[in-house]
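A.B. asks: Return atomic coordinates for the entry below.
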Amino acid sequence: MNDKKHNFSIFLVYLTSVALPISVQLSDSHGALAINKIKPIEAAKQASQKVKNTLKKPEKKTEIREKWALIVALDNFHDKKIEPIKFAQNNALLMSALLANPEMGKFGPKHVLTVTNVKAIEKNISKCLSEPWLLKHALPNDLVILYFCTRYIPTEDGKDIQLCMYEAESANPSIGTIKLKETLKEIRRRTQSPYIVSILDISPIGGPDEDGVVENAQNGESLNLKATNADLYQKIAEETSTTILAGNQFGHPSYHSSVDNSSFLVANLIEGLKAGGGQMDFETIVDYVKKNVQEQAMSRKGKVQEPVFAIASNNQEITKVIPAMEVKSSRQESIRVGHSLSDYPDLAAREAERQRLAAEKLVAEKLSKPREQNIPIETANWESDGGVDEDAAVGEVEFGPYMKRMKKAIQDKWAPPKGFKARSVVAVFSIMRNGQIVNPEIVDGSGVDSVDQSAMNALKTAKLDPLPKGSPPYVQIRYQFDWKVSQDSKSGN
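C.D. replies: Reported below is the predicted structural model:
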């Protein structure tokens, strides 16, 4: 006989805030009395303006559930024909220290993953970007920052760029490289998040000269990168529905600042993130970076460097996101649900100072090491096996018991077709306050239409309980259907 076991995994729950209805009071006795004391025309204007101001919709605040950052930097390569980037490792150290700082970047301690040099091989980076790490945990309302400091090779059709990893070969771009557009498109499709930002601190392989002309490693011919596709970054951003901040125009290098011992881009990005106590949005930070990078590159090196900020037309809200905003993983684990460090000023001050000194010590120790000593993957956390987060809580609402009931309700409705050994389907959907499932979508199919459709049917027919008391208007779920089949042989006469 065959015993078929249906296994289900629910990754995480996140909330999306919505504007609540507001009551509008158009007039009152005090307002009427004040109007009677002035000229009728002026009073009418003031009353009209008061109504307009009252009815004006509040600006929608962009909410981020969690934040993730992958930092990849290479200052040397296996192929010695690929010119080193002497400041790459320092860039990685500075970026990771800032983002992980609980007072500045406010990314969770296990949410910043740094990979450099010999560890930065294509296989490792692909793992970081896929199920073992990013795609296993990131959800639709998460901010994802990808920082690359390396060299690149344009694809033959000029529509994408190949980022060089440690084992890259200048004469064979198919080895040891990661295609930017393909990577961003897959991350966007799988996470469904509009808040994916790729920071490109990159330089073309083999050049270029001042006009952007470089030797094409694939055929040995000269190629004017800038003239070939001057708006490539914008095209990639549009096609992937993501955002790109590049240190320089396509075809030109990202220059090194000897004053800061980092790239001009990183030095000014860090200053921009620090400005205003970490409360600046992306648009303000980018304006600061573009202005200062251009001025410093010209005054210190006599070079033209023009950073590029490419935003997909359907992603304009990213400009108002505050990268250093606090999220759930930013909070200290020593304070339980219902309190924050601001409720304990003495503890907050001591903890902030401890974290600051620890971060400074870490950076100092790493910068003092010989350059040959490579930085390992520092904050990877791939041990988690997914499944249901039984203790998941949003705010002060306990969702663990509800998740168990939800899992059973969907499981009871799933009837995958017979004849397949093992299949996996990942879907995202929302649960309204009354328990209704809305907007179900398959984000990672099984490859078999009938299996995918059976998962959708389960989501459309499952009857869920209303959300727990105190829940927001809706929650979003990333749900994985796993169908595993085991064979149990029984002998008989």
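A.B. asks: contacting residues around Glu326?
C.D. replies: Counting by Cβ atoms under 8 Å, 6 or more residues apart in numbering, Glu326 makes contact with Lys106. Yep, even glycine has a C-beta here, placed from its N, CA and C like the rest.
A.B. asks: To clarify, my last question referred to Gln279.
C.D. replies: Contacts for Gln279 (Cβ under 8 Å, 6+ apart) come out as 322, 324.
A.B. asks: Swap in 10 Å and give it another go.
C.D. replies: Gln279 is in contact with 322, 324-325, counting by Cβ atoms under 10 Å, 6 or more residues apart in numbering.
A.B. asks: Same check on Ala415?
C.D. replies: Ala415 neighbours (Cβ under 10 Å, 6+ apart): 6, 454, 457-458, 461.
A.B. asks: For Lys123, state which of the contacts of Gln279 is nearest.
C.D. replies: For these, the minimum distance to Lys123 (Cβ to Cβ) is 32.2 Å, reached by Ala324.
A.B. asks: Just the pLDDT for the closest residue to the closest one other than its chain neighbours.
C.D. replies: Spatial nearest neighbour of Ala324, excluding adjacent residues (Cβ to Cβ, 6 or more residues apart in numbering): Gly278 at 3.3 Å. Listed pLDDT for Gly278 reads 79.
A.B. asks: before we move on, what about Thr461?
C.D. replies: In this model, Thr461 is scored at 93, pLDDT.
A.B. asks: Pick the one among the contacts of Ala415 closest to Phe309.
C.D. replies: Ala458 (42.3 Å).
A.B. asks: I'd guessed that closest one sits against Met406; true?
C.D. replies: No: using Cβ atoms under 10 Å as the test, Ala458 is too far from Met406 to be in contact (11.6 Å).
A.B. asks: Could you list the low-confidence segments of the stretch 101-250 of the chain?
C.D. replies: 207-229 (pLDDT under 70).
A.B. asks: could you redo the last one with a cut-off of 80?
C.D. replies: Where the stretch 101-250 of the chain drops to pLDDT under 80, the residues are 109, 206-230.
A.B. asks: Would you state the helices of it in chain order?
C.D. replies: For the stretch 101-250 of the chain, the helices defined by DSSP state H, counting those that start in this stretch cover 122-129, 134-137, 180-191, 225-228, 232-240.
A.B. asks: will you turn those into TSV that also has mean neighbour count?
C.D. replies: Listed next are these as TSV, based on neighbours: other Cβ atoms under 10 Å:
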stretch	mean neighbour count
helix 122-129	18
helix 134-137	20
helix 180-191	19
helix 225-228	17
helix 232-240	20
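A.B. asks: quick one: which of the ones you listed is nearest Ala422?
C.D. replies: Smallest distance to Ala422 across the helices of the stretch 101-250 of the chain (Cβ to Cβ): 18.3 Å, for helix 134-137.
A.B. asks: which other helices and strands contact that closest one?
C.D. replies: Taking 3 or more Cβ pairs under 10 Å, 6 or more residues apart in numbering; DSSP states H and E as contact, the helices and strands that helix 134-137 lies on are strand 2-15, strand 67-73, helix 122-129, helix 180-191, strand 474-487.
A.B. asks: Apply 7 Å and report the result again.
C.D. replies: Contact partners of helix 134-137 among helices and strands, from 3 or more Cβ pairs under 7 Å, 6 or more residues apart in numbering; DSSP states H and E: none.
A.B. asks: picking up where we left off before, could you dump the contacts of Gln279 to TSV with pLDDT?
C.D. replies: Formatted as TSV, the contacts of Gln279 follow (pLDDT from 0 to 100):
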residue	pLDDT
Ile322	92
Ala324	90
Met325	91
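A.B. asks: circling back to that earlier point, want to throw the helices of the stretch 101-250 of the chain into JSON lines with distance to Lys159?
C.D. replies: Converted to JSON lines, these look like this (distance: least, Cβ to Cβ, whole Å):
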{"stretch": "helix 122-129", "distance to Lys159": "20"}
{"stretch": "helix 134-137", "distance to Lys159": "24"}
{"stretch": "helix 180-191", "distance to Lys159": "7"}
{"stretch": "helix 225-228", "distance to Lys159": "10"}
{"stretch": "helix 232-240", "distance to Lys159": "7"}
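A.B. asks: Tell me which of the ones you listed approaches Cys149 most closely.
C.D. replies: Comparison of the helices of the stretch 101-250 of the chain against Cys149 by Cβ to Cβ identifies helix 122-129 as nearest, at 12.8 Å.
A.B. asks: Got the domain ranges for this protein?
C.D. replies: Listed by automatic domain parsing, the domain ranges of the chain are 67-367, 388-487.
A.B. asks: Pick the most deeply packed of those domains.
C.D. replies: By mean neighbour count, with neighbours taken as mean count of other Cβ atoms under 10 Å, domain 67-367 ranks first of those at a mean of 19.
A.B. asks: which residue ranges form the strands in the stretch 351-493 of the chain?
C.D. replies: Using DSSP state E, counting those that start in this stretch, the strands of the stretch 351-493 of the chain run over 393-394, 397-398, 422-432, 437-444, 474-487.
A.B. asks: Could you tell me the least trusted of the ones you listed?
C.D. replies: The weakest mean pLDDT among the strands of the stretch 351-493 of the chain belongs to strand 393-394, with a mean of 39.
A.B. asks: ok, back up a step: of the contacts of Ala415, which is the nearest to Val266?
C.D. replies: Nearest to Val266 among the contacts of Ala415, counting by Cβ to Cβ, is Ala458 at 47.1 Å.
A.B. asks: residues contacting that closest one?
C.D. replies: 410, 413-414 (Cβ atoms under 7 Å, 6 or more residues apart in numbering).
A.B. asks: Check the residue lying closest to Ile322 once chain neighbours are set aside and give its pLDDT.
C.D. replies: Counting by Cβ to Cβ, 6+ apart, Asp281 is the residue found nearest to Ile322 once chain neighbours are left out, at 5.2 Å. Per-residue pLDDT puts Asp281 at 91.
A.B. asks: Now name the helix or strand holding Lys86.
C.D. replies: Per DSSP states H and E: Lys86 is located in neither a helix nor a strand.
A.B. asks: Does it touch Ala73 like I think?
C.D. replies: No: Lys86 is not in contact with Ala73 according to Cβ atoms under 7 Å; the separation is 11.3 Å.
A.B. asks: Distance check, Ala168 against Leu180.
C.D. replies: 14 Å (Cβ to Cβ, to the nearest Å).
A.B. asks: Please apply the same query to Leu129.
C.D. replies: To Leu180, Leu129 is 12 Å away according to Cβ to Cβ.
A.B. asks: got CSV for the contacts of Gln279, with distance to Val426 too?
C.D. replies: Formatted as CSV, the contacts of Gln279 follow (distance: Cβ to Cβ, whole Å):
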residue, distance to Val426
Ile322, 29
Ala324, 30
Met325, 27
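A.B. asks: which ones are touching Trp68?
C.D. replies: Neighbours of Trp68 in contact, by Cβ under 7 Å, 6+ apart: 111, 134, 138, 142, 144.
A.B. asks: ok, now which ones touch the last one?
C.D. replies: For Val144, the set of contacting residues under the criterion of Cβ under 7 Å, 6+ apart consists of 68, 134, 138, 187, 191, 193, 195-196.
A.B. asks: go again using 10 Å as the cut-off
C.D. replies: Applying Cβ under 10 Å, 6+ apart, we find Val144 in contact with 66-70, 129, 134, 138, 184, 187-188, 191, 193, 195-198, 242.
A.B. asks: can you check the fourth one too?
C.D. replies: Contacts for Asp142 were tallied using Cβ under 10 Å, 6+ apart; they are 12, 14, 64-68, 111, 134, 191-193, 195-196, 327.
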